[in-house]
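[1] got a sequence here, can you build the structure:
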Amino acid sequence: MHSTLIVARMEPESAGNVADIFADFDDTEMPHRMGTRRRQLFFYRGLYFHLQEFDSDDGGERIEEAKTDPRFVRISADLKPYITAYDPSTWRTPSDAMAERFYHWSAL
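    Numbers count the residues shown, from 1 in each chain. The predicted model follows:
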């Protein structure tokens, strides 16, 4: 299973709005198109964490392919008032905000 973790900034009071936006998005066929198996959102002291797990290792490529879909463009715009880049000086795309996994364990 492939997973990505996006790190950004979010005020804690925005959590409900962000969750609602993702709930609407996840109610479409988009998660299936991107191969998303599970999405989890977290916040901690002004930081936002978006963990997305995929059925296959091509999750990153499938997200890239979905970026031009109007639903993907819309959710990106809808999230802008609530989510800001962790480092605005280096952020260009969500891939610039992805954490790098350095350890993994699974019980199978």
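[2] what's whichever helix or strand residue 37 is part of packed up against?
    Assessed by DSSP states H and E, residue 37 sits inside strand 36-44. If you count contacts as 3 or more Cβ pairs under 8 Å, 6 or more residues apart in numbering; DSSP states H and E, strand 36-44 packs onto helix 15-26, strand 47-54. Bear in mind the C-beta positions are built from the backbone N, C-alpha and C, glycine included.
[3] what angle do the worst-scoring helix or strand of the chain on mean pLDDT and strand 47-54 make?
    The weakest-scoring helix or strand in the chain, judged by mean pLDDT, DSSP states H and E, is helix 59-66 (a mean of 80). Angle between the axes of helix 59-66 and strand 47-54 is 100 degrees (criterion: axes from the mean of the first three to the mean of the last three Cα atoms, to 10 degrees).
[4] quick one: buried residues of helix 59-66?
    By neighbour count on 16 or more other Cβ atoms under 10 Å, the buried set for helix 59-66 is 59, 60, 62, 63, 66.
[5] so for the fourth one, what's the nearest residue that isn't a sequence neighbour?
    The reference is to residue 63. Leaving aside its chain neighbours, residue 63 sits nearest to residue 34 (5.5 Å; criterion: Cβ to Cβ, 6 or more residues apart in numbering).
[6] so what pairs up with residue 43 in the strands?
    residue 48 (DSSP bridges).
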